[in-house]
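> Quick one, structure for this:
(one chain, ligands or ions: 1)
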Amino acid sequence: MRVLVTGGAGFIGSCFVRQLLSRAYPDLAGAATVVLDKLTYAGNRANLAPVVDDRRLKFVRGDICDGPLVARLMRGTDLVVHFAAESHVDRSIADSSAFVTTNVLGTQMLLQAAADAGVGRFVHVSTDEVYGSIDEGSWPEDHPLEPNSPYSASKASSDLLALAFHRTHGLDVRVTRCSNNYGPYQHPEKAVPLFTTHLIDGVPIPLYGDGGNSRDWLHVDDHCRGIALVAVKGRAGEVYNIGGGTELTNRQLVGRLLELTGRDASWIRTVADRAAHDRRYSVDISKISAELGYEPLVPFDRGLAATVRWYRDNRRWWEPLKAATAARLRPASPSGSGPADHHLTRS
Ligand code: NAD
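Take a look at the predicted model:
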């Protein structure tokens with residue numbers, strides 16, 4: 001079996017590849033694994049260091065928008081797991097063009113090439129942000145898509161394109177929509193690593209608005225296990241929500257991180273709210289639980305403590321990434337605090 005993983009050098013894609021090659025998914029064990037990744041600022045070959053010597057792994061640096069390359073890689077591929085995306089909401093607010101190019105056109109390119117090559121299965125990794133915001137209750141998979149940010153609108157477009165390729169071309173597409181991921185190897189522009197590394201270094205952390213925005217937290221290992229279940233046992237043309245079962249306001253999340261880093265609330269700096277900031281996300285995971293036996297296995301407190309420990313122990317991994325972000329923000333923002341550094345966000 002050959003698996004093509006797009007975005008396999010990013011946070012979640014690299015976790016999937018590390019797990020796959022460590023035989024965490026018995027039904028996919030032994031698969032030859034090709035990673036296609038452009039290595040944007042968010043991609044990092046160091047994320048694959050633990051499996052770099054595995055002979056089943058082949059790394060291809062390239063763009064999912066490169067038609068001839070994508071067509072070549074699809075030949076002989078049995079399963080595509082599509083993670084590659086521009087993934088940071090704040091960047092999509094500053095400039096949405098790369099989001100439309102990669103998330104919409106890139107996904108279309110992959111779907112067309114997969115259909116042309118007769119690829120067996122295509123898992124499209126989407127997000128719960130496509131549903132918009134929900135005041136109470138949880139979204140089932142058939143809830144209408146009402147995205148609010150350019151990021152989530154581009155993800156909704158690719159999500160719908162993926163489903164359309166199933167209906168139109170009979171491509172075996174499965175879509176997953178997950179909640180906020182956390183865990184090791186997440187780029188330090190995202191909420192948990194940004195706050196953790198700031199607090200470790202004694203730098204105040206920015207909290208959006210009243211801190212009351214609410215998110216469901218999902219350990220990246222649980223997310224990737226859910227994706228593997230969908231890839232192996234899911235049904236063609238179906239959408240599966242994947243959640244972690246721990247809902248916290250941003251202020252509550254910050255409280256946990258303060259405790260874990262030994263800091264107090266004086267390290268919080270409230271900043272102006274993000275434009276069109278979704279108030280609450282909540283996915284109903286009863287479909288994937290009933291059909292595929294999925295349940296989140298990593299208890300949030302344990303997962304978060306281990307994540308904070310990982311950032312403490314892996315300064316060499318995140319320090320250059322934070323330095324690069326600071327350098328990028330410097331010209332537009334002489335104070336050193338720019339949009340990406342201000343926001344409590346996952347994506
Ligand atoms: P990430 O930003 O950490 O990684 C994205 C990867 O895609 C990087 O390795 C990057 O180099 C690569 N990439 C970007 N553009 C590319 C292109 N044109 N061609 C090839 N490779 C390209 O993102 P992540 O957090 O790992 O998210 C992975 C997927 O999961 C995304 O599709 C995202 O929308 C989705 N998702 C993420 C979360 C979350 O909490 N992080 C939640 C829901 C859904």
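
> Burial check on the closest residue to Thr101 other than its chain neighbours, number of neighbours?
The shortest distance from Thr101 to any non-neighbouring residue, by CB to CB, 6 or more residues apart in numbering, is to Cys65 (6.3 Å). C-beta coordinates here come from the backbone N, C-alpha and C atoms, glycine included. Applying other CB atoms under 10 Å, we find 17 other residues in the vicinity of Cys65.

> name the helices or strands packed onto the longest helix anywhere in the chain?
Using DSSP state H, we find that the single longest helix of the chain is helix 150-169. When contacts are defined as 3 or more CB pairs under 8 Å, 6 or more residues apart in numbering; DSSP states H and E, helix 150-169 packs onto helix 89-94, helix 107-117, strand 121-127, strand 173-178.

> These: which one's closest to the ligand?
Across the helices and strands packed on helix 150-169, the ligand has its closest neighbour in strand 121-127 (3.5 Å, CB to the nearest ligand atom).

> Quick check: buried residues in that closest one?
For strand 121-127, a neighbour-count test (16 or more other CB atoms under 10 Å) marks Arg121, Phe122, Val123, His124, Val125, Ser126, Thr127 as buried.

> out of these, which touch the ligand?
Val125, Thr127 (CB under 6 Å from any ligand atom).

> Identify the farthest-apart pair in the buried residues of strand 121-127.
Greatest spatial distance among these (CB to CB): Arg121 and Thr127, at 20.1 Å.

> For the stretch 101-250 of the chain, what lies in contact range of the ligand?
Residues of the stretch 101-250 of the chain lying near the ligand (CB under 6 Å from any ligand atom): Thr102, Gly106, Val125, Thr127, Lys155, Cys178, Asn180, Asn181, His187.

> Can you give the contact residues for stretch 97-117?
Contact with stretch 97-117 is made by 6, 63-67, 70-71, 73-75, 77, 80, 82, 84-86, 91-92, 122, 124, 150-151, 154-155, 157-158, 161-162, 165, 169, 171, 173, as judged by CB atoms under 8 Å, 6 or more residues apart in numbering.

> for whichever strand or helix holds Val254, the distance to its chain's centre please.
Val254 is part of helix 250-261, with elements assigned from DSSP states H and E. Taking CA atoms, centre = their mean, to the nearest Å, one finds helix 250-261 lying 21 Å from the centre of the chain it belongs to.

> Show me what it is packed up against.
helix 191-200, strand 205-208, strand 214-219, helix 300-313.

> Low-confidence ranges, the protein, go.
Low-confidence segments of the chain, defined by pLDDT under 70: 331-347.

> quick one: Val123 from Leu257, how far?
31 Å (CB to CB, to the nearest Å).

> I misspoke; the intended subject was Val80.
Counting by CB to CB, the separation of Val80 from Leu257 is 35 Å.

> Kindly report the same for Lys58.
Counting by CB to CB, the gap from Lys58 to Leu257 is 37 Å.

> Can you tell me the element the residue lying closest to Leu297 once chain neighbours are set aside falls in?
Distances taken as CB to CB, 6+ apart put Asp222 closest to Leu297, at 5.9 Å, once the chain neighbours are dropped. Asp222 belongs to helix 220-233 when assigned by DSSP H and E.
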